[in-house]
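Engineer: please find the sequence and the predicted model below.
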Amino acid sequence: MVDADQTFVIVGGGLAGAKAAETLRAEGFTGRVILICDERDHPYERPPLSKGFLLGKEGRDSVFVHEPAWYAQNDIELHLGQSVVAIDREAKSVRFGDDGTLVHYDKLLIVTGAEPRRLDIPGTGLAGVHHLRRLAHAERLKGVLSALGRDNGHLVIAGAGWIGLEVAAAARQYGAEVTVVEPAPTPLHNVLGPELGELFAELHREHGVRFHFGAQLTEIVGQDGMVLAARTDDGEEHPAHDVLAAIGAAPRTGLAEAAGLTIADRAHGGGIEVDEQLRTSDPDVYAAGDVASFPHGLFDTRLRVEHWANALNGGPAAARSMLGRGAAYDRVPYFFSDQYDLGLEYSGWAPPGTYDEVVIRGDAGKREFIAFWVKDGRLLAGMNVNVWDVTDPIQRIIRSRARVDTEALADPHVPLESLAP
């Protein structure tokens, strides 16, 4: 039973936290809502940080989830630039790190997100070594790319995942020289598999990006605090004025671990383990977004999803569960990317080793196609590249778990809607 005397605390001020707060009010909750963000900026969305904002096509104000005045207007107690350092589950309170203030909760939502993985090599303390996760990172990197473009400077990127490739595309559009170092044989190897990874390698090569596959950085060489070069484990040395570490992100589970909440194993993403309604091992504590590992019935496994749509939808789902109105959270994972003139949307979950074949509809050579990952005749995932308005039927086919005719999947004359039950 939820009443006006209850206090709901949200730890984490990203998209998931802001949308959870919005949902609590939209669902009629009249108690206290306390949103705690360890950044000084109001809650914002992260995709523009490696896309439109980084390229200068979108202004700073465009990234925020709500106008700053929205929080007071909706009686959301917003604490910016403050971190929670401890959860006392027995006393049902959280403790601020700056002054030790204790805040009581009736229900607690943890949406602490993820943090960039760090390069554990000599030279990472140099001024020209960067990460991209926060708005402040993007603001700094935008200036760096602009300067590299003016001066014909060199950027070395460790990692050919989505962030690495999107920043590579932005850097080339600024005019910087770019080298991407990746231990796998293709970009996005652990996401798309070898079948599609090479397509992205060719896209970037056409725009002047150099790749060094099968290697990883071992040292960043500098002088007087500045970056001069980046060395790899096969003895190569790449000129560099700046280096971006884009080697993935780790869930920020420290607060939950210290509180004794169950953490998923590494095979399932290592996030905070939650049930289908996003409840943790403590029935009064919930988790959502990048930090949560949740059971997904469609794929018969636990997933930890770091993409925008999971924060957008997971925060509200957790809020409804906190109100006792929850349902199984089983959204089809979704993400998008923009690189040069290529735009794509990906729905589903099909890492290498989980599928039998990749079916292509359209012309992959012209980069206008849809790729389908199929297992035992069932669609696990679909990615549309420069083909639009097909996400809904792709997701319906995935959700149906029905067997599909792969020849029909490959035939552009067969409407996808006809294959979606």
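Structural biologist: Structure received.

Engineer: hey, let's count contacts and neighbours off CA atoms from now on
Structural biologist: Will do.

Engineer: what does the helix or strand encompassing Ala318 contact?
Structural biologist: If you go by DSSP states H and E, Ala318 is part of helix 308-322. Residues outside helix 308-322 that contact it (C-alpha atoms under 8 Å, 6 or more residues apart in numbering): 15-24, 27, 45-47, 107, 109, 111, 277-279, 284, 286-290, 326-327, 329, 331, 333-335.

Engineer: ok, now which ones touch Gly377?
Structural biologist: Listed by C-alpha under 8 Å, 6+ apart, the contact set of Gly377 reads 403-406.

Engineer: I'd like to know how far the closest residue to Gly56 other than its chain neighbours sits from Lys51.
Structural biologist: Of all residues not flanking Gly56 in the chain, Lys142 sits nearest, at 7.8 Å (C-alpha to C-alpha, 6 or more residues apart in numbering). Distance, Lys142 to Lys51, using C-alpha to C-alpha, to the nearest Å: 11 Å.

Engineer: residues near Glu236, how many?
Structural biologist: Using other C-alpha atoms under 10 Å, Glu236 is surrounded by 11 other residues.

Engineer: can you tell me how far the nearest residue to Val332 once chain neighbours are set aside is from Ala371?
Structural biologist: Nearest non-adjacent residue to Val332, counting by C-alpha to C-alpha, 6+ apart: Gly348, 5.5 Å away. Going from Gly348 to Ala371 by C-alpha to C-alpha gives 12 Å.

Engineer: contacting residues for Pro295?
Structural biologist: When contacts are counted by C-alpha under 8 Å, 6+ apart, Pro295 touches 274-276, 301-303.

Engineer: one more time with 10 Å, if that's ok
Structural biologist: Residues near Pro295 by C-alpha atoms under 10 Å, 6 or more residues apart in numbering: 268, 273-278, 301-304, 328-330.

Engineer: before we move on, what about Tyr334?
Structural biologist: Tyr334 neighbours (C-alpha under 10 Å, 6+ apart): 305-310, 345-349, 381-383, 391, 395.

Engineer: against Thr124, how distant is it?
Structural biologist: Distance, Tyr334 to Thr124, by C-alpha to C-alpha: 33 Å.

Engineer: swap in Ala18?
Structural biologist: 33 Å.

Engineer: neighbour count winner among the two?
Structural biologist: Counting neighbours by other C-alpha under 10 Å for Ala18 and for Thr124 shows that Ala18 has the greater number, 30 against 19.

Engineer: any idea of the pLDDT on the more buried one?
Structural biologist: For Ala18, the pLDDT comes out at 98.

Engineer: could you pull out the helices for this protein?
Structural biologist: 15-26, 52-55, 69-73, 135-151, 162-174, 189-192, 194-206, 254-258, 308-322, 391-400, 406-410 (DSSP state H).

Engineer: among the contacts of Pro295, which are located in strands?
Structural biologist: Among the contacts of Pro295, the ones falling in strands (DSSP state E) are 273, 301-303.

Engineer: out of those, which end up buried?
Structural biologist: Buried subset of the ones in strands among the contacts of Pro295 (neighbour count, 16 or more other C-alpha atoms under 10 Å): 273, 302-303.

Engineer: just put these in TSV and tack on distance to Ala240.
Structural biologist: Below are those laid out as TSV (distance: C-alpha to C-alpha, whole Å):
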residue	distance to Ala240
Glu273	41
Arg302	40
Leu303	37
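
Engineer: now, which of these sits nearest Leu132?
Structural biologist: Closest approach to Leu132 among those (C-alpha to C-alpha): Leu303, at 23.2 Å.

Engineer: surely Leu54 is in contact with Arg134?
Structural biologist: No. Using C-alpha atoms under 10 Å, Leu54 is not in contact with Arg134, being 11.7 Å away.

Engineer: and those two? Which one has more around it.
Structural biologist: Neighbours were tallied for Leu54 and for Arg134 using other C-alpha under 10 Å; the higher tally belongs to Leu54 (27 against 17).

Engineer: quick one: contacts for Val243?
Structural biologist: By C-alpha under 10 Å, 6+ apart, the neighbours of Val243 are 124, 126-131, 154-158, 178-180, 220, 227-230.

Engineer: which of those residues fall in strands?
Structural biologist: With DSSP E as the criterion, strands contain 129-130, 154-158, 178-180, 220, 227-230 from among these.

Engineer: before we move on, back to that, now the residue nearest to Val332: how far from Gly377?
Structural biologist: 15 Å.

Engineer: list the residues that contact both of Gly348 and Ala371?
Structural biologist: Both Gly348 and Ala371 are in contact with 381-383, where contact means C-alpha under 10 Å, 6+ apart.

Engineer: pipe these into CSV and attach neighbour count and pLDDT per row.
Structural biologist: Below are these laid out as CSV (neighbours: other C-alpha atoms under 10 Å; pLDDT from 0 to 100):
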residue, neighbour count, pLDDT
Ala381, 26, 97
Gly382, 27, 97
Met383, 24, 98
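
Engineer: bridged to Ala230, which residues?
Structural biologist: Taking DSSP bridges as the rule, Ala230 bridges to Ile220, His238.

Engineer: next, the contact list for it, please.
Structural biologist: Neighbouring residues of Ala230 by C-alpha under 10 Å, 6+ apart: 123, 155-158, 181, 216-222, 236-243.
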